[in-house]
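Novice: One predicted model, sequence on top.
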Amino acid sequence: GDSVTQTEGQVALSEEDFLTIHCNYSASGYPALFWYVQYPGEGPQFLFRASRDKEKGSSRGFEATYNKEATSFHLQKASVQESDSAVYYCALSESGGYKVVFGSGTRLLVSP
Amino acid sequence: DPKIIQKPKYLVAVTGSEKILICEQYLGHNAMYWYRQSAKKPLEFMFSYSYQKLMDNQTASSRFQPQSSKKNHLDLQITALKPDDSATYFCASSQTGPNTEVFFGKGTRLTVV
């Protein structure tokens, strides 16, 4: 079945550091890829998506580029802030399907 | 104003009992979902409905039964509760399928003792 792998369980940075969270996927078809963010006590919130190869998704300074060859969708941000501390989930959805498959999540801790 | 209402927010149940988790969405969406989140499995897809029709079911156990009485309602009935069912259950919705943005509720935290 489809799956999403996030290699970092936790990332600890200081404000203004550069962020990369790695995401690789396995899917039988040509999925749409997503990043969601979850804050304590809340459900996940949509950050952005990309649905075709080489498409860049972005929101709030975060961005990721769909790489079909490498089956990757790595999240980056040039300069993180303390308010970015949250859990970030990479996810995919197959075309015509009715479920979103989430990765295991990466907890981002940003210290001032 | 929360657009996806889940009730109750917290729930404590006794092993072997039955509970119903309530979900209503006021976004005008046609698709609704249930997800489960625990320490063992961060965000696990359970069910999806579109126009009140079951579209996908990844829950192996028949103890979990979704119930859709109206297009904007998708409740989750859980029978014969086990301690392993302890988790936060999230209801979600999207305009059409999940290739569009999926909106999540705040969840119901279930503890089975």
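Specialist: That came through, no problem. None of these values were measured; they are calculated from a predicted model. Numbers count the residues shown, from 1 in each chain, chains lettered A, B, ... in the order given.
Novice: Surely A:Ser83 is within a helix?
Specialist: Yes - counting by DSSP: H, G, I helix; E, B strand; the rest coil, A:Ser83 is part of a helix.
Novice: Could you measure from it over to chain B?
Specialist: Taking Cβ to the nearest Cβ, to the nearest Å as the measure, A:Ser83 falls 20 Å from chain B. Placement of C-beta: from N, CA and C, glycine included.
Novice: show me what contacts the spatially closest residue to that residue that is not a sequence neighbour?
Specialist: Spatial nearest neighbour of A:Ser83, chain neighbours left out: A:Val110 (7.9 Å); criterion: Cβ to Cβ, 6 or more residues apart in numbering or on different chains. Residues in contact with A:Val110 (Cβ atoms under 8 Å, 6 or more residues apart in numbering or on different chains) are A:Leu13, A:Ser14, A:Glu15, A:Asp17, A:Val80, A:Gln81, A:Glu82, A:Ser83, A:Asp84, A:Ser85.
Novice: Swap in 10 Å and give it another go.
Specialist: A:11-17, A:19, A:80-86 (Cβ atoms under 10 Å, 6 or more residues apart in numbering or on different chains).
Novice: Kindly write the PyMOL command that selects the buried subset of the residues you listed.
Specialist: The buried subset of the contacts of A:Val110, as determined by 16 or more other Cβ atoms under 10 Å in any protein chain shown, is captured in PyMOL by this line:
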select buried, chain A and resi 11+13+19+80+84+85+86
